[in-house]
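Chemist: A structural model of the following input is requested.
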Amino acid sequence: MAKILIVDDEQDIAELISDALMDENYETVVKNNSADAIKEIEKNPAFDLILLDIMMPGMSGTELCSYIRKKVNCPIIFVSAKSSTLDKLVGFEIGADDYIAKPFDIYELVARVKAHLRRENRLKIITDENIIEIGEIKVIKESYEVYKNNKRIDISTREFEVLYYLMKNSGIVLTKEQIFESVWGKDYGEISTVAVHIKSIRNKLDKEEKYIKTVWGVGYKFIKEREYDKK
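Modeler: Numbers count the residues shown, from 1 in each chain. Model prediction:
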């Protein structure tokens with residue numbers, strides 16, 4: 001279920017949009033000013049799409065959009081009575097993906113939201129095989145990058161390959177032999193190097209062993225997505 005943030009100081013309009021989107025089985029969060037929207041994004045940046053009014057008291061929607069763009073990559077749609085070409089150009093310049101003028105047709109707004117979410121889903125399908133994100137940890141296969149809490153962590157190529165293999169098979173106990181053959185190949189090096197690399201990865205990413213679990217006598221397991229919430 002997609003999660004959508006609606007930011008508009010006109011409560012009636014915000015609730016109209018929210019009701020229409022909930023009828024389409026989307027989850028919505030409504031905020032009536034930029035300050036509350038910032039608090040919500042700081043607390044939970046995992047929105048799939050954001051709808052923003054421009055003319056709000058305090059921080060304007062354009063200022064809020066500029067701030068949000070530094071935090072999230074999801075589509076941002078302006079919904080505003082300011083609908084001149086210049087207003088739209090400014091909106092696109094600071095990171096908006098679309099612009100809907102007030103007064104609007106609620107069915108058109110819902111259709112625009114659906115179109116943007118479909119596009120995002122297509123992009124995710126393209127990149128899902130190369131990007132794995134579980135809890136605080138994200139790996140990007142194409143660039144051999146690792147992030148923890150959105151902070152890049154420096155690890156070696158072999159460490160990356162071990163971590164990627166574990167995460168790709170999260171929830172499955174992998175033997176040292178399986179890890180070794182996948183990363184180094186059958187006839188290269190010694191199997192003891194697996195434990196050395198696991199230890200190094202833990203020192204950099206997982207000192208509390210929250211994610212990489214040792215299954216004594218068998219091997220290692222990277223815990224499955226959301227399983228860490230139960231700990």
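Chemist: tally of neighbours for residue 160?
Modeler: 21 (other CB atoms under 10 Å). Every residue, glycine included, has its C-beta placed from N, CA and C.
Chemist: let me know how buried residue 151 is, in neighbour terms.
Modeler: Taking other CB under 10 Å as the criterion, the count of residues near residue 151 is 8.
Chemist: and if you look at residue 141?
Modeler: Using other CB under 10 Å: residue 141 sits among 15 other residues.
Chemist: can you tell me the closest non-neighbouring residue to it?
Modeler: Nearest non-adjacent residue to residue 141, counting by CB to CB, 6 or more residues apart in numbering: residue 130, 4.0 Å away.
Chemist: which helix or strand in the chain has the lowest average pLDDT?
Modeler: Least confident element among the helices and strands of the chain, by mean pLDDT, DSSP states H and E: helix 85-93 (a mean of 75).
Chemist: so which bits of that helix are buried?
Modeler: Buried residues in helix 85-93, counted by 16 or more other CB atoms under 10 Å: 87-88, 90-91.
Chemist: what's it packed up against?
Modeler: Packing partners of helix 85-93 (3 or more CB pairs under 8 Å, 6 or more residues apart in numbering; DSSP states H and E): helix 61-69, strand 76-80, strand 98-101.
Chemist: the second one: partners in the sheet, and parallel or antiparallel?
Modeler: Based on DSSP bridges, the strands next to strand 76-80 in the sheet, each with its direction, are strand 49-52 (parallel), strand 98-101 (parallel).
Chemist: check those for me: which has the lowest mean pLDDT.
Modeler: When the strands paired with strand 76-80 are compared by mean pLDDT, strand 98-101 comes last with a mean of 88.
Chemist: what does that strand contact?
Modeler: 75-81, 83, 87-88, 91-92, 108-109, 112, 116 (CB atoms under 8 Å, 6 or more residues apart in numbering).
Chemist: which among those residues count as buried?
Modeler: The neighbour count (16+ other CB under 10 Å) marks 75-80, 87-88, 91, 109, 112, 116 as buried among these.
Chemist: just give me the closest of these to residue 169.
Modeler: For those, the closest approach to residue 169 (CB to CB) belongs to residue 75, at 31.8 Å.
Chemist: circling back to that earlier point, deepest of the helices and strands packed on helix 85-93, which one?
Modeler: strand 76-80 (a mean of 24; mean count of other CB atoms under 10 Å).
Chemist: going along the chain, name the helices of the chain.
Modeler: Under the criterion DSSP state H, the chain contains helices at 11-23, 34-43, 61-69, 85-93, 106-127, 157-168, 176-183, 193-205.
Chemist: which positions in the fifth one come out as buried?
Modeler: Think helix 106-127. For helix 106-127, the neighbour count (16+ other CB under 10 Å) marks 109-110, 112-113, 116-117, 120 as buried.
Chemist: quick revisit: which pLDDT value goes with the residue nearest to residue 141?
Modeler: You'll see residue 130 listed with a pLDDT of 80.
Chemist: show me what contacts the nearest residue to residue 194 once chain neighbours are set aside?
Modeler: What sits nearest to residue 194 in space, not counting adjacent residues and going by CB to CB, 6+ apart, is residue 176, at 4.6 Å. Going by CB under 8 Å, 6+ apart, residue 176 touches 191, 194-195, 219-220.
Chemist: of those, which is the nearest to residue 139?
Modeler: Using CB to CB, residue 220 comes nearest to residue 139 of the contacts of residue 176, at 15.7 Å.
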